[in-house]
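Trainee: Quick one, what's the 3D model for this:
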Amino acid sequence: MPKPEPNPAGPATRALVLRRLAGAYCVARLGPKAPLPPGFLEGPGFASATRTEAELSLVYAQSEDISADACVNNWVGFVVEGVLDFSEIGILSRLSGVLAEAGISLYAVSTFDTDYLFIRAEAEQQARAALSKIAKVRV
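Mentor: Here you go, the predicted model:
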């Protein structure tokens, strides 16, 4: 399949809607050769696994009992609602930019259809305020 051409209109100007994912999440690291935990991708809700030469990174519901080399708990997730076209430019940049201006770090995961942002739970209200400048933020 050919790669989509860049959007000639420039950065994305679509109205963004973010929806808060239920629950709290863990961002974890396992060794690069570690197998996926049994049933990891079979549960309800969001789960992500990314393998590189250096690591296997997981994002999953904090309520799951998974053994990891390192795990950072207490993340909250937001999903950009709707399917994003590959020709749309700058969506993640716009979202991460307003968070950076507010001094909030994020962990981003992109799928074929859309983007997910994970923010530390203690910064959720500050992140909502920052994101509401460019997007509608729903519970």
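Trainee: Longest strand in the chain, please.
Mentor: strand 70-80 (DSSP state E).
Trainee: That strand pairs with which strands, parallel or anti?
Mentor: strand 16-20 (antiparallel), strand 25-30 (antiparallel), strand 115-120 (antiparallel) (DSSP bridges).
Trainee: could the ones you listed go into TSV alongside mean neighbour count?
Mentor: Every C-beta, even on glycine, is put in place using the N, C-alpha and C of the backbone. Output for the strands paired with strand 70-80, formatted as TSV (neighbours: other Cβ atoms under 10 Å):
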stretch	mean neighbour count
strand 16-20	17
strand 25-30	21
strand 115-120	21
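Trainee: Just put these in a markdown table and tack on distance to residue 69 and mean pLDDT.
Mentor: Conversion of the strands paired with strand 70-80 to a markdown table gives the following (distance: least, Cβ to Cβ, whole Å; pLDDT from 0 to 100):
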| stretch | distance to residue 69 | mean pLDDT |
| --- | --- | --- |
| strand 16-20 | 29 | 96 |
| strand 25-30 | 5 | 96 |
| strand 115-120 | 19 | 98 |
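Trainee: Quick one: closest of these to residue 81.
Mentor: Residue 81 lies closest, by Cβ to Cβ, to one member of these: strand 16-20, at 4.4 Å.
Trainee: one step back: can you list the residues that contact the longest strand of the chain?
Mentor: With contact meaning Cβ atoms under 8 Å, 6 or more residues apart in numbering, strand 70-80 is reached by 16-21, 24-29, 46, 59, 62, 91, 95, 107, 114-122, 124, 131, 135, 137.
Trainee: any idea of the mean pLDDT for it?
Mentor: Regarding strand 70-80, the rounded mean pLDDT is 97.
Trainee: Can you mark which positions in it are buried?
Mentor: The neighbour-count check on strand 70-80 (16 or more other Cβ atoms under 10 Å) flags 75, 76, 77, 78, 79, 80 as buried.
Trainee: Buried residues, the next helix or strand after that strand. List them.
Mentor: Using DSSP states H and E, the next helix or strand after strand 70-80 towards the C-terminus is helix 91-101. Neighbour-count burial for helix 91-101, counted by 16+ other Cβ under 10 Å, picks out 91, 92, 94, 95, 96, 98, 99.
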